[in-house]
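Visitor: Build the 3D model from these lines:
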Amino acid sequence: MNQAARIYRVIFHNQGKIYEVYARGVSDGALMGFVEIEELTFGERTQVVVDPAEEKLKSEFSGVKRTYIPMHAIMRIDEVEKEGTAKVSDTDSKVTPFPMPFYGPSKGSD
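Guide: Numbers count the residues shown, from 1 in each chain. Below you'll find the model as predicted:
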């Protein structure tokens, strides 16, 4: 698969929900502790049936060029063959983000 055609499925926690989105670019980004997701993709609108959940996500990310997700909120990133349906689902009480320490700049010795 060539670089331009890559599609990633990104699953992450956000405000008590699990988001599953598709994007053409994922990187460690310029902000420490965040994963950069860019070029979010949504299903073709040529279909007769429209998924209201996907439409809500499309609306939420309307006008977003790239988004930064905290690293500890990411559950999984997969490179996939083709784009699927973006969705938001409720978490169950068994899903908890793994706590990660924050590594900030170290203080200089005095």
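Visitor: list the buried ones in the lowest-mean-pLDDT helix or strand in the chain?
Guide: Across the helices and strands of the chain, mean pLDDT, DSSP states H and E gives its lowest value to helix 52-60, namely a mean of 79. Neighbour-count burial for helix 52-60 flags Glu54, Leu57, Lys58 (criterion: 16 or more other Cβ atoms under 10 Å). The way it works is simple: take the backbone N, C-alpha and C, and place the C-beta from them, glycine included.
Visitor: Find the residue closest to the last one in space, skipping its chain neighbours.
Guide: Here the nearest residue to Lys58 in space, its sequence neighbours aside, is Phe42; by Cβ to Cβ, 6 or more residues apart in numbering that works out to 4.7 Å.
Visitor: Could I get the contacting residues of the one you found?
Guide: Taking Cβ atoms under 8 Å, 6 or more residues apart in numbering, we find Phe42 in contact with Tyr22, Glu54, Leu57, Lys58, Ala86.
Visitor: host element of the first one?
Guide: If I follow you right, that is Tyr22. Assigned by DSSP states H and E, Tyr22 falls within strand 17-27.
Visitor: what angle separates the helix or strand following that strand from helix 52-60?
Guide: Beyond strand 17-27 on the C-terminal side, the first helix or strand identified by DSSP H and E is strand 34-41. Angle, strand 34-41 to helix 52-60, by axes from the mean of the first three to the mean of the last three Cα atoms, to 10 degrees: 110 degrees.
Visitor: got the angle for strand 34-41 vs strand 17-27?
Guide: Counting by the same axes, to 10 degrees, strand 34-41 lies at 90 degrees to strand 17-27.
Visitor: got the buried residues for the strand holding Tyr22?
Guide: Quick answer for strand 17-27 (16+ other Cβ under 10 Å): Ile18, Tyr19, Glu20, Val21, Tyr22, Ala23, Arg24, Val26.
Visitor: For the nearest residue to Ile18 once chain neighbours are set aside, which residues are in contact?
Guide: Sequence neighbours aside, Ser89 is the residue nearest to Ile18 in space, at 5.0 Å (criterion: Cβ to Cβ, 6+ apart). With contact set as Cβ under 8 Å, 6+ apart, Ser89 has these partners: Lys17, Ile18, Glu20.
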